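Peer 1: Mind folding the following:
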Amino acid sequence: MAGRAIRATARIVFVICGLVSLVTCAPYVLLRGAELPVQSEWIVYAVALGAVGVFSLLVGVLPRSWIAKACKRDREDARVLSFPLKVLGGFAAIFYLVAMFAYLAPNRWNLDPAFMFPLCPLYFVKTAYDPAPVEIFFMLAPMNAAVYGALGLCLGYARLAFRKQT
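Peer 2: Residues are numbered from 1 along each chain as shown. As a prediction, the model looks like this:
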């Protein structure tokens, strides 16, 4: 029963992280770089966020046997879903804290947007207006954590797929 709960939780988290990454990608595409302080790199962010979101969403809805086959593992191997879930959690925790730092840093520090956009995709919200702490704690930082959780998911599956079995 515990294995089924982990599988269901992993699938739900994978889909949510993928959707958040795709939703976060939308402002970059809609703005087309016009409102961003750094206009030349906007397409890189949009493509990366979209690719990570689509991958995470696909992994969340594909059958476990297909995922296991791509990772060269047995369908019943617990690592097929649990290892990427652990990597996702680690990335999400780290980048939640990065987002908290980015939003709570004083404006006089003049954080470079070209440096902050890759670390915190919704950093342009702070450049447009000053969000309230409640928005930061419960909306913007969790969204950043979900986006980077999806990236952690991609890296977790890459490690499973390209690492030799022991």
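Peer 1: mind listing what the residue most central in space within the chain touches?
Peer 2: Nearest to the mean C-alpha position of the chain, by C-alpha atoms, centre = their mean, lies residue 147 at 2.0 Å. By C-beta atoms under 8 Å, 6 or more residues apart in numbering, the residues touching residue 147 are 17, 20-21, 24, 49, 52, 95, 121. Using the backbone N, CA and C atoms, a C-beta is placed for each residue, glycine as well.
Peer 1: Please give the number of neighbouring residues around residue 25.
Peer 2: When counting by other C-beta atoms under 10 Å, one arrives at 22 neighbours for residue 25.
Peer 1: Against residue 147, how distant is it?
Peer 2: Going from residue 25 to residue 147 by C-beta to C-beta, to the nearest Å gives 9 Å.
Peer 1: Next, give phi and psi for the residue nearest to the centre of the chain.
Peer 2: Torsion angles at residue 147 (phi, psi; degrees, to the nearest 10) stand at phi -60, psi -50.
Peer 1: Now for residue 25 and residue 147: what residues contact both?
Peer 2: The contact sets of residue 25 and residue 147 overlap at residue 49 (C-beta under 8 Å, 6+ apart).
Peer 1: The one helix or strand in the chain whose mean pLDDT sits lowest: what's the following helix or strand?
Peer 2: Within the chain, no helix or strand scores below helix 123-128, which has a mean of 71 by mean pLDDT, DSSP states H and E. Next along the chain after helix 123-128, taking DSSP states H and E as the criterion, comes helix 133-135.
Peer 1: pLDDT of that next one, averaged?
Peer 2: Helix 133-135 carries an average pLDDT of 85.
Peer 1: How about the contacts made by the closest residue to residue 90 other than its chain neighbours?
Peer 2: Setting aside the residues directly before and after it, residue 90 is nearest to residue 152 in space (C-beta to C-beta, 6 or more residues apart in numbering), at 6.3 Å. Counting by C-beta under 8 Å, 6+ apart, residue 152 touches 84, 87-92.
Peer 1: For PyMOL, what selects the buried ones among those?
Peer 2: The following PyMOL line selects those of the contacts of residue 152 that are buried, judged by 16 or more other C-beta atoms under 10 Å:
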select buried, resi 84+87+88+91+92
